[in-house]
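Participant: Build the 3D model from these lines:
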Amino acid sequence: MAQETDNLHTVSCSLLGEQINLRCTKEQKASLIKSLDTLKDKASKILRSNPNLNPTQAAILVALDCQNALNNYLENETPFTKEAQKFISKMQTSLKKVQND
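Facilitator: Here you go, the predicted model:
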């Protein structure tokens, strides 16, 4: 357990008026900072375009935007996925031919 604690790093930031301290591994730190920067940018844009929102409302809209982006990513096929599916189909056809011979 001590080794894990030694390996943990703290990332501090202010988000929607709240000071947040998060712990992560050294390997996760850069990704966490990038994610926090993205959240701050999204929150700033939402608050600039809707100045009457309170921080909780802004946080909900940021969460919805992030979830929507994730859903769109997961629901759409990438060019790699399409090529992989073509390759798999081609291999299955070849295997069926070999089995029938």
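Participant: use CA for all of it now, contacts and neighbours both
Facilitator: OK.
Participant: Distance check, the residue nearest to the spatial centre of the chain against Ala84.
Facilitator: In the chain, the residue lying closest to the centroid (Cα atoms, centre = their mean) is Leu70, at 6.9 Å. Separation of Leu70 from Ala84 (Cα to Cα, to the nearest Å): 21 Å.
Participant: Now the residue nearest to the centre of the chain: which helix or strand?
Facilitator: helix 55-75 (DSSP states H and E).
Participant: starting at the chain centroid, how far to the helix or strand following that helix?
Facilitator: Using DSSP H and E, the helix or strand that follows helix 55-75 towards the C-terminus is helix 79-100. Offset of helix 79-100 from its chain centre (Cα atoms, centre = their mean, to the nearest Å): 31 Å.
Participant: what comes up buried for helix 79-100?
Facilitator: By neighbour count with 16 or more other Cα atoms under 10 Å, helix 79-100 contains no buried residues.
Participant: what about dumping the CA coordinates of it to CSV?
Facilitator: Extracted C-alpha coordinates of helix 79-100, given in CSV (Å, rounded to 0.1, in the frame of the first residue of the first chain):
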residue,chain,number,x,y,z
PRO,A,79,-12.8,4.1,-41.0
PHE,A,80,-10.6,1.6,-39.1
THR,A,81,-13.7,-0.3,-37.9
LYS,A,82,-15.1,-0.5,-41.4
GLU,A,83,-11.8,-1.8,-42.8
ALA,A,84,-11.4,-4.3,-40.0
GLN,A,85,-14.9,-5.6,-40.6
LYS,A,86,-14.2,-6.0,-44.4
PHE,A,87,-11.0,-7.9,-43.5
ILE,A,88,-12.8,-10.2,-41.1
SER,A,89,-15.5,-10.9,-43.6
LYS,A,90,-13.0,-11.7,-46.2
MET,A,91,-11.1,-14.1,-43.9
GLN,A,92,-14.4,-15.8,-42.9
THR,A,93,-15.2,-16.4,-46.6
SER,A,94,-11.8,-17.8,-47.2
LEU,A,95,-12.1,-20.1,-44.2
LYS,A,96,-15.4,-21.4,-45.3
LYS,A,97,-14.0,-22.2,-48.7
VAL,A,98,-11.1,-24.1,-47.2
GLN,A,99,-13.5,-26.0,-44.9
ASN,A,100,-15.7,-27.0,-47.9
